[in-house]
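Participant: My questions concern the predicted model and sequence given below.
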Amino acid sequence: MATAEVERQRGQLAALSIAAVVIIVGVPLWWKTTETYRAWLPVSQIRELAKLQLQLSADVEVVFARGTVTPEQQKKMPLTQTQEEDHAVDEDTALKYKYETKYRTATIMEEDALNKPNAAEADLSLHVLSESPCGSLVIYVIPESSSLLPEDVKVYIGQRRTALLRVPQMRTAKTLEQLLHHLQPHIKQVLRVMSFSRADITAALSDRVRFHPGNKESIADSMRAFKSSPGYEITFSLLNPDPKSHRLHWDIEGAAQTYIQPLLTKMSPVANFSIDSQTLHYAMLGVNPRFDNTRSAYMLNADSLAHVINPVEARLGSNAASSNPVLNFLLYVPDAYHSPLYIQDQNKREVPSNAFHSPRWGGIMVYNVDSYYGPETEFPVDININMAKVMGVFLAQLRLLLGVQSSPPPPGFLVAPCGSTGLADWELDRLMWSRSVENIATATTTITSLAQLLDQIGNIVINDNIAEQVSSAVTSLQLAVAELEAGNLKFALQFSKEAIQASEKAFFDPSLLHLLYFPDDQKFAIYIPLFLPMCVPILLSLIKIASEARQKRREKQAKKD
Amino acid sequence: MVISEEPTPGNEQHASVVDNPQTPAETVKQPTEERRWEATQVDETVPDDAAAIKPDLPVPDSVLTPTPPLKDEFQEELVVRPLHSGDIYASFQFRTVWETDFTRGMSHYRLFPKSLGQVISKFSVRELHISFTQGYWRTMQWGQPYLPSPPGAELWVWFQDTVTDVDATWKELTNVLSGIFCASLNFIDSTNTVQPSASFKPLGIANGTDHRFLRYATLPREIVCTENLTPWKKLLPVCSDSLCADLVYNRLFFPPSVNFSTAVSIPRLCTYGRCVRTGRAKPQWSLFKMFSRTLTEACPLASSSKIYIDVTDNPQDQFELSPATHLLSQAVVLGDRRTFSVYDLTQQVTFGTVRSLNVLIRWKSTEGDMLRPLLHAERYVAGYGLQTGEIHTLMYNNHPFRSFPVLLLDSVPWYLRLYVHTLTVTSKGKDNKPSYIHYQPSKDRMRPHLLEMLVQLPPHSVTEVTVQFERALLKWTEYTPDPNHGFYVGSSVVSALVPSTVAMNTNITKEQPLFSTFFPTKEESSYFIRAYTEPLLVNLPTPDFSMPYNVICLTCTVVAVGYGSLYNLLTRSFQVEEPNPGLAKRIANVIRKMRGVPPL
């Protein structure tokens, strides 16, 4: 009997130790070998970024010309004021605009510059005197009597980062504070035109915040420009549907160099651009224009413009060699049987430029060549296209599509023509502000959604390179936000571009995709043949041991009683 | 001076020509779906300084200015060869010549397709040759094609020597090309790419020989179908009623073609195509029968547009050609002087009074046979079972008295493990030692075998190259979706300088037909051809694909059974039990009890 008892205890011990081995060695081993590799991600920082607190700072210098301030007021200068404006977009995004305004009087050289005969010359000589850094503005307050500006013009915005402001009734202000208080709304108005405005920034945040614009016009305005991207491909296409009648020649290379390249060079901090061109023969528009007897011309209705592109688009071809968005500019020379061809707006009037554009796609211009046909012209006719006329239209469309011009200036403002580069410095600054904010918004959205995705799907492998990209994106984002706060626009844009590149690279990394994800039911189907026969005896013997132990205890208790 | 645009609200209203087929409610819901068309308002934004730089742009009355010299040129031609077998061999070629430097940043395209131009400049491609072929070319029946190509897809590229990481560039290039041509070129990877050391030389002006910049790959499995041809059409300036792309690509490759092939080769952008149609040629063949339409004009963009009909085999008036043309052209093609009737589509007179051209061939007799091609190669797999096998490559030299050297290139995937020591080359029963052998062994899952050798083919002989191989076992994810179909091994390439019967033309002139100038001829006495063998279809040991689960179940069961008995042994408590008396003893005891005798 005693030996039987010893044997029974040995069996129990064996069962217990096997169970222990399975639990201590087997389970961790199984866990470890089936685990997916997940590199560390800066989750807490990403979570911080999900709540975006942006502060945009701009340096503004207000310079008072002689005759705008009393000597008493002058004594208190220079003076620095800081204005902050809060703008909560939604619960996760808050913006703060900070203007650091410095007031001073004009130097003698600036006075000289301001005494030039007209505003353009004054603007140029002021620019020569001092170069203001990217993102900052200088506003010269000039006396009402100044002859620099025409009668009805209140504000002149120069080609660089300067504005001339003429404020009436300056004399009523006694102290400097009163004067500044009086000036404040005017300065604000100038700032809204030349620097970031609420509408721009809200539009830039559209990737992150679902915004509800008031009317249709503003949707159109906000959607016209291309989204921020590290590069753009600009493609000019000459459509010649009738090579039998027209032999077209366009000096696109020279024209692009003369008219487009200066603008692109100026915009190079914002994005990289590449230009190419092609000629498409027998490319027809998708609609048949209607002949208008009164004008003896073919008319293309505004309603049908949407159908014009589709057949052409198939032949335009995408850029196989890069993934940047393409801006298409088409020059359509109507065939001999359908010319002249004019575009008609909804009020049945001809559009003077004979061109139209489609938001985030490009523009089309119809170039009529019927003036080339003489009474005894022999076909095909050699036609040299007037590139100055064409490029004027395309340049205007390009500015619109790149988001340079967004809203017309308020009344009383006079904006200097943009000069040879096609882009004023302050316009570039404006674009850089909104592009920085847009990049930051896009990058944060990408990074947070990537973090969310990785959090949700537990068995995605996170390789070291992805973790590295995510970390660098987060660092760049933090730097970009900090630079925006400090007012270093150039660096902010640079870092935001890096952030967006790193975040996209991480998000679209193929290693996140190609893994096999087994659903749980299949996994268990594989595990059951192994686990069931192994675990059932262990469990049964454990239950048996437990029940025996309980019985023994009960017996002991009974004995005691 | 331009005053900033300051439109009054009303002005703004008219300026935006809005086209919006959707209802306003919908647009508010989905603003991204909306595509708005707006009239562009231009306020002479042309920068005034810029205009000053270029003051005299052509004004409308400059109609009569002479045409500037064009840097690019487009030529097209169609060659029709009636075959004695009753088939028709049609080969066309579109050639765009553009003298430009692709390495420059800005590129402006006129006739050259932009998509290819961008690829060339981005990937620093010096030469690119790509072909897609459906069906095997029966050399013995049809003679040599003007442009040889193996069944499936073939791609070979010479990169500029400025490329630092050729493999990465090649990988990216194949992916891009696969997008452009809608083909599965993205399946080209290191396991089917080789760097031939001698077989593929640049065809263009450049004469590089550093084969580090060369990549060659074939996809014998690639199925080319007529739907794949749309991208090819886009490479050409599309014309409607002429020989151009629309006609050829839409109608030529209609299913009755038993073999068709299209190819692109750069730097001279040549788009080739060929097709053979069976059973349609006799007794009568016409353009209308082939294209379901006649030709009415030449492509206005083409500088030359010609149709050639091969009439060399017609001395005994075997067939009749109508409309008759007096324009005959002689050209030396593939070592043979051939006569062609030429229809020049750029001449109005070609179209006659009916203003349409329908070339008609009416056969008078049905016999006749083909000259055997001088060089011809074929290949097959021998052996039985699923373990080993032998590849036989046969090269025929049909020249009666001249021997000539050929370069044989074999690229065999790694899962056929070649035993190079079994390589034998025999001609006329004797061992024929190759004068040059380049062999690069394979690496499993990394790169294929590359075998190149220079063999002298004796006159009027068959040279047989055999090599044995062993079939490898693949991992279960490496099998193709239909593994029992077998695995393709690409064609061998035989490149040869074949002695010519007539003097070859060594200087290429413009008057020569395009098809005769594909391979540059360096000497008069011989011409270069490339012949391809059939691709091989090899069966590999193919498992039952439910096997992994079965294996898992079986091993788990074995483990569980073993474990179960061990567990039982370890945990059971054993007790000595009184042995039961045996059955005989029990019966005996029962009997003894009945008898009253004490039990045992």
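Facilitator: It's in. Numbers count the residues shown, from 1 in each chain, chains lettered A, B, ... in the order given.
Participant: element containing B:P541?
Facilitator: B:P541 is part of no helix or strand, with elements assigned from DSSP states H and E.
Participant: Can you give me the neighbour number for it?
Facilitator: For B:P541, the count of nearby residues is 12 (other Cβ atoms under 10 Å in any protein chain shown). The C-beta positions use only the backbone N, C-alpha and C, and glycine is treated the same way.
Participant: Can you give me the separation between it and A:M109?
Facilitator: Distance of B:P541 to A:M109, given as Cβ to Cβ, to the nearest Å: 90 Å.
Participant: For chain A, what is the nearest residue in chain B?
Facilitator: B:A560 (3.2 Å; Cβ to the nearest Cβ).
Participant: Now do the contacts for that residue.
Facilitator: A:529-530, A:532-534 (Cβ atoms under 8 Å, 6 or more residues apart in numbering or on different chains).
Participant: Run me through the strand neighbours of the helix or strand harbouring A:Y232, direction for each.
Facilitator: Using DSSP H and E, the element containing A:Y232 is strand A:231-240. Using DSSP bridges, strand A:231-240 pairs in its sheet with strand A:272-281 (parallel), strand A:326-332 (parallel).
Participant: most packed of these?
Facilitator: strand A:326-332 (a mean of 23; mean count of other Cβ atoms under 10 Å in any protein chain shown).
Participant: contacts for stretch B:183-193?
Facilitator: So stretch B:183-193 is contacted by B:130, B:132, B:153, B:155, B:167, B:170-171, B:174-175, B:177-178, B:215-219, B:222, B:224, B:228, B:411, B:413-414, B:445-448, B:490 (Cβ under 8 Å, 6+ apart).
Participant: Tell me which of those residues fall in helices.
Facilitator: B:167, B:170-171, B:174-175, B:177-178 (DSSP state H).
Participant: all strands for the stretch 201-350 of chain B, in order.
Facilitator: For the stretch 201-350 of chain B, applying DSSP state E, counting those that start in this stretch gives strands covering B:214-219, B:257-266, B:269-277, B:284-286, B:304-310, B:319-322, B:328-333, B:336-344.
Participant: how about those strands, which one is nearest B:V455?
Facilitator: strand B:214-219 (19.5 Å; Cβ to Cβ).
Participant: Show me the strands paired with that closest one, marking each as parallel or antiparallel.
Facilitator: strand B:152-159 (antiparallel), strand B:193-194 (antiparallel).
Participant: Please dump the ones you listed into a markdown table; it should also carry mean pLDDT and mean neighbour count for every row.
Facilitator: Listed next are those as a markdown table, based on pLDDT from 0 to 100; neighbours: other Cβ atoms under 10 Å in any protein chain shown:
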| stretch | mean pLDDT | mean neighbour count |
| --- | --- | --- |
| strand B:152-159 | 88 | 24 |
| strand B:193-194 | 92 | 24 |
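Participant: Can you lay out the ones you listed as TSV showing distance to B:T209?
Facilitator: Formatted as TSV, these follow (distance: least, Cβ to Cβ, whole Å):
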stretch	distance to B:T209
strand B:152-159	10
strand B:193-194	16
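Participant: now the strands: where do they sit in the stretch 451-600 of chain B?
Facilitator: So, for the stretch 451-600 of chain B - with DSSP E, counting those that start in this stretch - the strands run B:461-471, B:487-489, B:493-499, B:526-532, B:536-538.
Participant: sorry, back to before: Serialize the strands paired with strand A:231-240 to CSV and add fields for mean pLDDT.
Facilitator: Shown next, in CSV, are those (pLDDT from 0 to 100):
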stretch, mean pLDDT
strand A:272-281, 84
strand A:326-332, 88
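Participant: Rebuild these as TSV, extending it with distance to A:I543.
Facilitator: Formatted as TSV, the strands paired with strand A:231-240 follow (distance: least, Cβ to Cβ, whole Å):
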stretch	distance to A:I543
strand A:272-281	71
strand A:326-332	71
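Participant: Can you say which of those is nearest to B:A302?
Facilitator: Here strand A:272-281 is closest among these (Cβ to Cβ), at 10.9 Å.
Participant: So which elements touch the longest helix anywhere in chain A?
Facilitator: As assigned by DSSP H, the longest helix anywhere in chain A is helix A:520-560. Judged by 3 or more Cβ pairs under 8 Å, 6 or more residues apart in numbering or on different chains; DSSP states H and E, the packing partners of helix A:520-560 are helix A:2-21, helix B:547-571.
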